[in-house]
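Student: Would you be able to build a 3D model of this:
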Amino acid sequence: VNKASRLLPVMEKQRVKLQGIPSKEAARAYKAVWDCAESTKRWGIVLNLYQRFEADAGLVELTEDMLDVALYACERNADGLQAEAILRKVGESPARYNRAIRARTKQLEVTDAVRLYRELQQRGWKLETSTINLMMQVCSAIKQVDYSLKLFNAMDALGIEADERSYSTAIRSASSASREQGGGWVVALRMLNAMRAKQQVTGMPSLKNAPVVPSAFCFVSVIRTLAAAGEADKAESVLGQMVKAGHMPDAPLYATVMRACALRGRLEPTFKLFDEMRAMGIAPELPNIAALLVACERRLDSERAIKLLRDLPDYNLQPTTLTYNMAMSSAAKSGDVAQVRKLLDEMDAGTEQVRPDIV
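Tutor: Modelled structure (predicted):
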(Lines give C-alpha, C1' and ligand atoms only; values in the text may rest on other atoms or scores of the structure.)
Protein backbone atom coordinates (compact mmCIF):
# COMPACT_ATOMS: atom_id res chain seq x y z
CA VAL A 1 0.00 0.00 0.00
CA ASN A 2 2.93 2.36 0.59
CA LYS A 3 4.31 1.74 -2.89
CA ALA A 4 0.85 2.05 -4.43
CA SER A 5 0.21 5.36 -2.69
CA ARG A 6 3.57 6.69 -3.94
CA LEU A 7 2.61 5.76 -7.50
CA LEU A 8 -0.56 7.87 -7.38
CA PRO A 9 1.27 11.22 -7.85
CA VAL A 10 3.16 9.65 -10.79
CA MET A 11 -0.18 8.68 -12.32
CA GLU A 12 -1.46 12.24 -11.81
CA LYS A 13 1.54 13.67 -13.68
CA GLN A 14 0.85 11.31 -16.56
CA ARG A 15 -2.77 12.38 -16.62
CA VAL A 16 -1.78 16.04 -16.81
CA LYS A 17 0.96 15.57 -19.43
CA LEU A 18 -0.52 12.94 -21.68
CA GLN A 19 -4.16 12.89 -20.74
CA GLY A 20 -3.87 9.21 -21.45
CA ILE A 21 -5.46 7.90 -18.23
CA PRO A 22 -9.25 8.29 -18.12
CA SER A 23 -10.72 9.74 -14.95
CA LYS A 24 -12.72 6.58 -14.40
CA GLU A 25 -9.58 4.44 -14.37
CA ALA A 26 -7.80 6.92 -12.09
CA ALA A 27 -10.74 6.83 -9.69
CA ARG A 28 -10.60 3.04 -9.61
CA ALA A 29 -6.89 3.19 -8.76
CA TYR A 30 -7.48 5.70 -5.97
CA LYS A 31 -10.33 3.66 -4.54
CA ALA A 32 -8.21 0.48 -4.64
CA VAL A 33 -5.46 2.20 -2.64
CA TRP A 34 -8.09 3.53 -0.20
CA ASP A 35 -9.51 0.05 0.36
CA CYS A 36 -6.04 -1.40 0.86
CA ALA A 37 -5.04 1.38 3.27
CA GLU A 38 -8.24 0.85 5.27
CA SER A 39 -7.82 -2.94 5.47
CA THR A 40 -4.17 -2.61 6.54
CA LYS A 41 -4.96 0.24 8.98
CA ARG A 42 -2.67 2.78 7.30
CA TRP A 43 -4.68 5.70 8.63
CA GLY A 44 -2.20 8.34 7.52
CA ILE A 45 -2.63 7.23 3.92
CA VAL A 46 -6.41 7.22 4.35
CA LEU A 47 -6.32 10.84 5.51
CA ASN A 48 -4.04 11.88 2.65
CA LEU A 49 -6.44 10.30 0.17
CA TYR A 50 -9.42 11.93 1.87
CA GLN A 51 -7.81 15.35 1.48
CA ARG A 52 -7.13 14.57 -2.19
CA PHE A 53 -10.77 13.60 -2.77
CA GLU A 54 -11.91 16.77 -1.00
CA ALA A 55 -9.66 18.89 -3.24
CA ASP A 56 -10.94 17.22 -6.43
CA ALA A 57 -14.62 16.58 -5.88
CA GLY A 58 -15.04 14.87 -9.25
CA LEU A 59 -12.31 12.29 -8.73
CA VAL A 60 -13.94 9.92 -6.20
CA GLU A 61 -17.35 10.39 -4.65
CA LEU A 62 -17.05 10.26 -0.87
CA THR A 63 -19.78 7.98 0.46
CA GLU A 64 -21.05 8.10 4.04
CA ASP A 65 -19.11 4.91 4.82
CA MET A 66 -15.91 6.46 3.51
CA LEU A 67 -16.48 9.57 5.63
CA ASP A 68 -16.92 7.36 8.69
CA VAL A 69 -13.63 5.62 7.85
CA ALA A 70 -11.95 9.02 7.49
CA LEU A 71 -13.37 10.08 10.85
CA TYR A 72 -11.99 6.93 12.46
CA ALA A 73 -8.62 7.65 10.80
CA CYS A 74 -8.68 11.12 12.39
CA GLU A 75 -9.24 9.55 15.78
CA ARG A 76 -6.38 7.10 15.30
CA ASN A 77 -4.04 9.84 14.05
CA ALA A 78 -5.15 12.41 16.66
CA ASP A 79 -6.31 14.90 14.02
CA GLY A 80 -9.00 16.71 15.97
CA LEU A 81 -9.49 19.63 13.57
CA GLN A 82 -10.07 17.35 10.58
CA ALA A 83 -12.31 15.07 12.66
CA GLU A 84 -14.61 17.96 13.57
CA ALA A 85 -14.75 19.09 9.93
CA ILE A 86 -15.80 15.58 8.87
CA LEU A 87 -18.36 15.46 11.70
CA ARG A 88 -20.03 18.60 10.33
CA LYS A 89 -19.93 17.22 6.79
CA VAL A 90 -21.17 13.67 7.28
CA GLY A 91 -23.94 14.45 9.73
CA GLU A 92 -24.10 14.25 13.50
CA SER A 93 -24.67 11.11 15.55
CA PRO A 94 -23.65 10.01 19.05
CA ALA A 95 -20.94 7.67 17.72
CA ARG A 96 -19.48 10.35 15.42
CA TYR A 97 -19.46 12.94 18.19
CA ASN A 98 -17.62 10.49 20.43
CA ARG A 99 -15.02 9.88 17.71
CA ALA A 100 -14.48 13.61 17.22
CA ILE A 101 -14.18 14.15 20.99
CA ARG A 102 -11.61 11.35 21.23
CA ALA A 103 -9.64 12.85 18.33
CA ARG A 104 -9.62 16.27 20.01
CA THR A 105 -8.63 14.71 23.35
CA LYS A 106 -5.77 12.70 21.84
CA GLN A 107 -4.47 15.93 20.34
CA LEU A 108 -4.56 17.38 23.89
CA GLU A 109 -7.16 19.91 22.73
CA VAL A 110 -9.11 19.49 25.96
CA THR A 111 -11.01 22.79 25.58
CA ASP A 112 -12.33 21.78 22.16
CA ALA A 113 -13.14 18.29 23.45
CA VAL A 114 -15.21 19.80 26.27
CA ARG A 115 -16.97 22.10 23.77
CA LEU A 116 -17.97 19.11 21.63
CA TYR A 117 -19.03 17.27 24.77
CA ARG A 118 -21.40 20.11 25.66
CA GLU A 119 -22.87 19.97 22.16
CA LEU A 120 -23.35 16.23 22.68
CA GLN A 121 -25.22 16.89 25.93
CA GLN A 122 -27.41 19.52 24.33
CA ARG A 123 -28.57 16.96 21.79
CA GLY A 124 -29.51 14.53 24.53
CA TRP A 125 -26.70 12.11 23.72
CA LYS A 126 -24.05 10.76 26.10
CA LEU A 127 -20.38 9.92 26.10
CA GLU A 128 -19.26 6.37 25.44
CA THR A 129 -17.24 4.67 28.15
CA SER A 130 -14.14 4.63 25.93
CA THR A 131 -14.45 8.39 25.38
CA ILE A 132 -14.65 9.35 29.05
CA ASN A 133 -11.82 6.88 29.78
CA LEU A 134 -9.60 8.68 27.27
CA MET A 135 -10.53 12.08 28.68
CA MET A 136 -9.67 10.86 32.18
CA GLN A 137 -6.39 9.38 30.96
CA VAL A 138 -5.31 12.58 29.19
CA CYS A 139 -6.29 14.76 32.17
CA SER A 140 -4.22 12.51 34.42
CA ALA A 141 -1.26 12.66 32.01
CA ILE A 142 -1.29 16.47 31.92
CA LYS A 143 -1.48 16.64 35.74
CA GLN A 144 -5.16 17.60 35.84
CA VAL A 145 -5.88 14.76 38.26
CA ASP A 146 -8.71 16.57 40.00
CA TYR A 147 -10.63 16.90 36.73
CA SER A 148 -9.88 13.27 35.89
CA LEU A 149 -11.40 12.18 39.20
CA LYS A 150 -14.40 14.50 38.69
CA LEU A 151 -15.12 12.77 35.38
CA PHE A 152 -14.90 9.38 37.09
CA ASN A 153 -17.20 10.41 39.92
CA ALA A 154 -19.72 11.85 37.45
CA MET A 155 -20.09 8.65 35.41
CA ASP A 156 -23.20 7.41 37.20
CA ALA A 157 -24.89 10.81 36.94
CA LEU A 158 -24.08 10.87 33.21
CA GLY A 159 -25.53 7.39 32.74
CA ILE A 160 -22.17 5.90 31.75
CA GLU A 161 -21.18 2.46 33.01
CA ALA A 162 -17.54 2.19 34.04
CA ASP A 163 -15.23 -0.60 32.96
CA GLU A 164 -11.92 -1.95 34.25
CA ARG A 165 -10.01 0.76 32.38
CA SER A 166 -12.15 3.49 33.98
CA TYR A 167 -11.20 2.25 37.43
CA SER A 168 -7.58 1.70 36.45
CA THR A 169 -7.27 5.29 35.21
CA ALA A 170 -9.05 6.64 38.28
CA ILE A 171 -6.71 4.69 40.58
CA ARG A 172 -3.76 6.19 38.74
CA SER A 173 -5.22 9.69 39.19
CA ALA A 174 -5.95 9.09 42.87
CA SER A 175 -2.37 7.82 43.35
CA SER A 176 -1.00 10.98 41.70
CA ALA A 177 -3.23 13.11 43.90
CA SER A 178 -1.87 11.28 46.93
CA ARG A 179 1.69 12.17 45.99
CA GLU A 180 0.80 15.81 45.37
CA GLN A 181 -1.78 16.52 48.07
CA GLY A 182 -1.84 13.51 50.40
CA GLY A 183 -4.84 11.40 51.35
CA GLY A 184 -5.38 9.97 47.87
CA TRP A 185 -4.46 6.50 49.10
CA VAL A 186 -7.86 6.27 50.81
CA VAL A 187 -9.66 6.86 47.50
CA ALA A 188 -7.32 4.56 45.55
CA LEU A 189 -7.81 1.71 48.02
CA ARG A 190 -11.59 2.22 48.00
CA MET A 191 -11.61 2.04 44.20
CA LEU A 192 -9.60 -1.19 44.25
CA ASN A 193 -12.04 -2.75 46.71
CA ALA A 194 -15.04 -1.52 44.68
CA MET A 195 -13.78 -3.41 41.64
CA ARG A 196 -13.97 -6.69 43.56
CA ALA A 197 -17.30 -6.00 45.28
CA LYS A 198 -20.32 -8.04 44.18
CA GLN A 199 -22.60 -5.05 44.67
CA GLN A 200 -22.05 -1.45 43.66
CA VAL A 201 -20.21 0.50 46.33
CA THR A 202 -21.87 3.74 47.39
CA GLY A 203 -20.20 6.72 45.76
CA MET A 204 -18.52 4.60 43.08
CA PRO A 205 -19.67 4.26 39.44
CA SER A 206 -21.39 1.02 38.45
CA LEU A 207 -18.94 -1.43 36.90
CA LYS A 208 -19.56 -3.63 33.86
CA ASN A 209 -19.41 -7.35 34.59
CA ALA A 210 -18.72 -6.75 38.28
CA PRO A 211 -16.95 -8.07 40.22
CA VAL A 212 -13.72 -8.04 38.25
CA VAL A 213 -10.16 -8.99 39.13
CA PRO A 214 -8.10 -5.79 39.14
CA SER A 215 -5.13 -5.71 36.81
CA ALA A 216 -1.57 -5.92 38.11
CA PHE A 217 -1.26 -2.20 37.31
CA CYS A 218 -4.14 -1.39 39.71
CA PHE A 219 -2.59 -3.43 42.52
CA VAL A 220 0.88 -1.95 41.99
CA SER A 221 -0.44 1.64 41.91
CA VAL A 222 -2.34 1.17 45.18
CA ILE A 223 0.57 -0.64 46.88
CA ARG A 224 3.07 2.08 45.96
CA THR A 225 0.62 4.78 47.07
CA LEU A 226 0.06 3.09 50.44
CA ALA A 227 3.79 2.56 50.97
CA ALA A 228 4.56 6.19 50.13
CA ALA A 229 1.91 7.29 52.64
CA GLY A 230 3.52 5.14 55.35
CA GLU A 231 0.56 2.73 55.46
CA ALA A 232 2.80 -0.33 55.74
CA ASP A 233 0.13 -2.69 57.10
CA LYS A 234 -2.28 -1.90 54.29
CA ALA A 235 0.46 -2.11 51.64
CA GLU A 236 1.43 -5.56 52.93
CA SER A 237 -2.22 -6.67 52.91
CA VAL A 238 -2.82 -5.50 49.32
CA LEU A 239 0.40 -7.20 48.23
CA GLY A 240 -0.97 -10.47 49.60
CA GLN A 241 -4.25 -9.87 47.77
CA MET A 242 -2.32 -9.26 44.56
CA VAL A 243 -0.62 -12.64 44.87
CA LYS A 244 -3.96 -14.35 45.56
CA ALA A 245 -5.41 -12.68 42.47
CA GLY A 246 -2.79 -14.46 40.36
CA HIS A 247 -0.42 -11.55 39.70
CA MET A 248 3.28 -12.07 40.30
CA PRO A 249 5.00 -9.17 42.11
CA ASP A 250 8.63 -8.40 41.34
CA ALA A 251 11.60 -7.66 43.59
CA PRO A 252 11.28 -3.84 43.37
CA LEU A 253 7.62 -4.00 44.47
CA TYR A 254 8.55 -6.20 47.41
CA ALA A 255 11.34 -3.74 48.24
CA THR A 256 8.78 -0.90 48.31
CA VAL A 257 6.60 -2.70 50.85
CA MET A 258 9.57 -3.97 52.84
CA ARG A 259 10.98 -0.45 53.15
CA ALA A 260 7.59 0.86 54.32
CA CYS A 261 7.58 -1.82 57.02
CA ALA A 262 11.21 -1.14 57.92
CA LEU A 263 10.65 2.58 58.34
CA ARG A 264 7.91 1.77 60.85
CA GLY A 265 10.38 -0.41 62.78
CA ARG A 266 8.49 -3.59 61.90
CA LEU A 267 11.46 -5.95 61.84
CA GLU A 268 9.76 -9.37 61.71
CA PRO A 269 7.20 -8.45 58.99
CA THR A 270 10.07 -7.08 56.87
CA PHE A 271 11.97 -10.36 57.10
CA LYS A 272 8.76 -12.32 56.57
CA LEU A 273 8.19 -10.49 53.26
CA PHE A 274 11.78 -11.26 52.27
CA ASP A 275 11.30 -14.98 52.98
CA GLU A 276 7.95 -14.95 51.15
CA MET A 277 9.56 -13.35 48.12
CA ARG A 278 12.33 -15.95 47.97
CA ALA A 279 9.82 -18.80 48.42
CA MET A 280 8.05 -17.52 45.29
CA GLY A 281 11.31 -17.79 43.34
CA ILE A 282 11.93 -14.03 43.16
CA ALA A 283 15.64 -13.26 43.30
CA PRO A 284 16.52 -10.59 45.89
CA GLU A 285 18.02 -7.33 44.74
CA LEU A 286 20.05 -4.78 46.69
CA PRO A 287 16.98 -2.60 47.51
CA ASN A 288 15.46 -5.63 49.27
CA ILE A 289 18.63 -6.06 51.34
CA ALA A 290 18.71 -2.33 52.04
CA ALA A 291 15.16 -2.51 53.43
CA LEU A 292 16.20 -5.35 55.76
CA LEU A 293 19.20 -3.35 56.91
CA VAL A 294 16.98 -0.33 57.61
CA ALA A 295 14.73 -2.55 59.74
CA CYS A 296 17.75 -3.87 61.64
CA GLU A 297 19.00 -0.34 62.23
CA ARG A 298 15.61 0.83 63.51
CA ARG A 299 15.37 -2.08 65.95
CA LEU A 300 19.09 -2.00 66.92
CA ASP A 301 19.59 -5.58 65.69
CA SER A 302 23.24 -5.40 64.65
CA GLU A 303 23.64 -9.19 64.74
CA ARG A 304 21.11 -9.69 61.96
CA ALA A 305 22.54 -6.77 60.00
CA ILE A 306 26.05 -8.30 60.03
CA LYS A 307 24.65 -11.70 59.07
CA LEU A 308 22.85 -10.12 56.11
CA LEU A 309 26.09 -8.51 54.99
CA ARG A 310 27.88 -11.88 55.14
CA ASP A 311 25.07 -13.71 53.35
CA LEU A 312 24.98 -11.41 50.32
CA PRO A 313 26.98 -13.83 48.08
CA ASP A 314 24.33 -16.50 48.80
CA TYR A 315 21.83 -14.22 47.04
CA ASN A 316 24.22 -13.64 44.09
CA LEU A 317 24.83 -10.11 45.35
CA GLN A 318 28.04 -8.35 46.31
CA PRO A 319 28.50 -5.94 49.23
CA THR A 320 28.72 -2.25 48.40
CA THR A 321 29.76 0.83 50.33
CA LEU A 322 26.08 1.47 51.08
CA THR A 323 25.43 -1.98 52.56
CA TYR A 324 28.57 -1.72 54.70
CA ASN A 325 27.53 1.75 55.86
CA MET A 326 24.07 0.50 56.84
CA ALA A 327 25.49 -2.50 58.70
CA MET A 328 27.97 -0.22 60.51
CA SER A 329 25.15 2.12 61.45
CA SER A 330 23.31 -0.76 63.09
CA ALA A 331 26.44 -1.77 64.97
CA ALA A 332 27.16 1.81 66.03
CA LYS A 333 23.63 2.41 67.32
CA SER A 334 23.86 -0.88 69.24
CA GLY A 335 27.08 0.34 70.87
CA ASP A 336 29.28 -2.34 69.25
CA VAL A 337 32.37 -0.22 68.57
CA ALA A 338 34.62 -3.24 67.92
CA GLN A 339 32.30 -4.43 65.15
CA VAL A 340 32.28 -0.98 63.58
CA ARG A 341 36.11 -0.93 63.49
CA LYS A 342 36.20 -4.43 62.04
CA LEU A 343 33.80 -3.50 59.24
CA LEU A 344 35.74 -0.33 58.51
CA ASP A 345 38.98 -2.33 58.24
CA GLU A 346 37.28 -4.71 55.80
CA MET A 347 36.20 -1.75 53.68
CA ASP A 348 39.71 -0.30 53.65
CA ALA A 349 41.12 -3.65 52.53
CA GLY A 350 38.32 -4.35 50.05
CA THR A 351 37.69 -3.48 46.44
CA GLU A 352 36.70 -0.08 45.08
CA GLN A 353 33.05 -1.16 45.35
CA VAL A 354 33.20 -1.20 49.18
CA ARG A 355 35.75 1.56 49.91
CA PRO A 356 34.67 3.98 52.66
CA ASP A 357 33.13 7.29 51.63
CA ILE A 358 32.83 10.51 53.59
CA VAL A 359 29.35 9.59 54.81
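Student: Pretty sure residue 123 is one of the things residue 92 touches, is it not?
Tutor: Yes - using CB atoms under 8 Å, residue 92 and residue 123 qualify as a contacting pair, with a distance of 7.1 Å. Bear in mind the C-beta positions are built from the backbone N, C-alpha and C, glycine included.
Student: Please name the residues that touch residue 90.
Tutor: Residue 90 makes contacts with 64, 67-68, 71, 96, as judged by CB atoms under 8 Å, 6 or more residues apart in numbering.
Student: ok, 6 Å please
Tutor: If a contact means CB atoms under 6 Å, 6 or more residues apart in numbering, then residue 90 has residue 67 as its contacts.
Student: Which of the helices and strands in the protein ranks last by mean pLDDT?
Tutor: Lowest on mean pLDDT, DSSP states H and E among the helices and strands of the chain sits helix 2-18, with a mean of 65.
Student: Specify the next element, helix or strand, located C-terminal of it.
Tutor: Secondary structure here is assigned by DSSP states H and E; on that basis, the next helix or strand after helix 2-18 toward the C-terminus is helix 23-39.
Student: So what's the gap between that next one and the chain middle?
Tutor: When distances are taken as CA atoms, centre = their mean, to the nearest Å, helix 23-39 is centred 39 Å away from the chain's centroid.
Student: what do you get for stretch 275-293?
Tutor: Here the centre of stretch 275-293 is set off from its chain's centre by 25 Å, with CA atoms, centre = their mean.
Student: What mean pLDDT does the host helix or strand of residue 306 get?
Tutor: Remark: residue 306 resides in helix 302-311, with elements defined by DSSP H and E. Within the predicted structure, the mean pLDDT of helix 302-311 is 94.
Student: How about stretch 316-331?
Tutor: 93.
Student: Show me what counts as buried in that stretch.
Tutor: Neighbour counts using 16 or more other CB atoms under 10 Å place 317, 319-321, 323-331 of stretch 316-331 among the buried residues.
Student: Nearest to residue 262 among the residues you listed?
Tutor: When the buried residues of stretch 316-331 are ranked by distance to residue 262 (CB to CB), residue 326 comes first, at 10.7 Å.
Student: So what's the residue count around the residue nearest to the closest one when sequence neighbours are not counted?
Tutor: Leaving aside its chain neighbours, residue 326 sits nearest to residue 293 (3.9 Å; criterion: CB to CB, 6 or more residues apart in numbering). Taking other CB atoms under 10 Å as the criterion, the count of residues near residue 293 is 26.
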